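Participant: quick one, what's the 3D model for this:
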Amino acid sequence: MKKDLKKEIGWLLKEKYHHKPTEKFDNDVKRLKAGEPVDYVIGFTNFLECKIDLSEKPLIPRKDTEFWVKEAIKDMASPKGKLSSKRVLDLFSGSGCVGIAVLSKTGILLCDMVEKDKKFIEQIKINCELNKIDKKRYRIIRSDVFSNVKNKYDFIFANPPYIAIKKIYSIQKSVLNYEPKVALFGGSDGLYYIKKFLSKAKNRLNPGGKIFMEFSPEQKPAIEKTIIKNKFSNYEFKKDQNDRWRWVEIS
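Facilitator: The predicted structure follows:
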């Protein structure tokens with residue numbers, strides 16, 4: 001049984017039932033006891049003050065991701081020129097949380113959200129509507145990395161699957177049993193999608209553009225080699241709220 005079950009039941013009662021339990025509440029408690037993540041049971045989570053529906057069971061947005069995306073959004077405001085004229089790509093979009101946060105927090109007019117799984121394409125649509133994002137400000141593209149992406153961008157956000165298959169037995173059971181493996185695992189060393197992304201990303205970046213990418217802390221040396229191999233001019237590794245290497249800014 002989960003260590004934080006009591007706390008999760010409290011969240012469930014507050015967020016989904018507004019402190020008024022029903023018969024469905026008892027069934028949801030059983031789901032929690034069986035190990036299902038509380039965010040799935042509640043049905044949504046919050047990401048940078050945006051409500052993210054999880055009905056199609058995409059990867060649950062993490063606090064680590066929320067932290068670096070918030071920092072990246074701050075960084076986006078520093079280059080000269082109006083943000084409204086910039087174009088953003090949210091690759092490996094999943095629930096759409098990153099792209100939706102960018103659209104909600106900035107004056108960006110156009111963000112392309114890219115995902116290869118059909119049901120997560122539907123999830124992104126649900127979340128764009130839920131957060132009242134103007135349809136003129138975004139496009140949803142079904143693509144395996146850059147295969148169907150034709151434009152160039154000023155900012156590219158990427159949260160690729162990066163868990164190494166060899167670490168499968170160290171993953172929490174609730175994650176392994178319920179969250180989409182396609183969004184978790186990146187090959188034997190976790191670098192498959194990262195290398196695939198970085199090998200093509202330069203061709204999809206406008207002059208002066210920036211890439212923001214999440215990774216697992218132990219992958220930093222290998223990612224640095226990959227960045228150098230692909231002849232990027234500048235890069236800076238950054239830490240998350242727990243003082244662990246978590247994301248890199250590349251230009």
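
Participant: for the closest residue to residue 72 other than its chain neighbours, what are phi and psi?
Facilitator: Nearest residue to residue 72, sequence neighbours excluded (Cβ to Cβ, 6 or more residues apart in numbering): residue 212, at 4.3 Å. In this view, the C-beta of every residue, glycine as well, is placed from N, C-alpha and C. Dihedral angles of residue 212 (phi, psi; degrees, to the nearest 10) stand at phi -120, psi 120.

Participant: for the closest residue in space to residue 109 that isn't next to it in sequence, which residues are in contact?
Facilitator: Distances taken as Cβ to Cβ, 6+ apart put residue 84 closest to residue 109, at 5.1 Å, once the chain neighbours are dropped. Contacts for residue 84 (Cβ atoms under 8 Å, 6 or more residues apart in numbering) come out as 107, 108, 109.

Participant: local confidence estimate at residue 84?
Facilitator: As predicted, residue 84 sits at a pLDDT of 82.

Participant: repeat for residue 37
Facilitator: 95.

Participant: what about the residue lying closest to it once chain neighbours are set aside, distance to residue 34?
Facilitator: Nearest non-adjacent residue to residue 37, counting by Cβ to Cβ, 6+ apart: residue 174, 5.2 Å away. As judged by Cβ to Cβ, to the nearest Å, residue 174 and residue 34 stand 9 Å apart.

Participant: residues touching the nearest residue to residue 77 once chain neighbours are set aside, list them.
Facilitator: Excluding its sequence neighbours, the residue lying closest to residue 77 (Cβ to Cβ, 6+ apart) is residue 83, at 6.7 Å. The neighbours of residue 83, taking Cβ under 8 Å, 6+ apart as the test, are 76, 77, 106, 107, 108.

Participant: so the first one sits against residue 106, correct?
Facilitator: Read that as residue 76. Yes - with contact defined as Cβ atoms under 8 Å, residue 76 reaches residue 106; the gap is 6.3 Å.
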